[in-house]
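Only the shape, not the letters, is given here:
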């Protein structure tokens with residue numbers, strides 16, 4: 001199973017349409033949610049979105065995505081949960 005690249009920073013850039021957090025388009029986000037989407041497409045999509053990112057955004061994404069893969073939750077979501085305690 002390939003972990004979704006969503007890092008819980010869900011706001012789209014009005015010019016490109018890409019999410020500020022994961023750099024996916026709305027179509028790509030929808031395709032990730034489709035149970036028929038295979039892992040090969042998801043792996044390629046992660047490569048594609050990383051190529052869209054600038055240096056600071058890529059570094060931040062990679063740190064948060066790695067954290068999510070290891071812990072099952074994004075850093076942003078963890079912080080929100082801690083603030084709501």
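That came in fine, so what should we check first? Every value quoted in this text rests on a predicted model; they were computed, and no experiment measured them.

Next, the contact list for residue 67, please.
By Cβ atoms under 8 Å, 6 or more residues apart in numbering, the contact set of residue 67 is 74-75. Where you see a C-beta, it was placed from the backbone N, CA and C, and this is true even at glycine.

to the chain's geometric centre, what's the distance from the helix or strand containing it?
According to DSSP states H and E, residue 67 maps onto helix 55-71. For helix 55-71, the separation from the chain centroid amounts to 9 Å (computed by Cα atoms, centre = their mean, to the nearest Å).

Buried residues in that helix, which are they?
Neighbour counts over helix 55-71 (16 or more other Cβ atoms under 10 Å) mark 61, 64-65, 67-68 as buried.

ok, so of those residues, who is nearest residue 78?
Minimum distance to residue 78 across these is 8.0 Å, recorded for residue 67 (Cβ to Cβ).

Tell me the pLDDT of the closest one.
Looking at residue 67, its pLDDT stands at 97.
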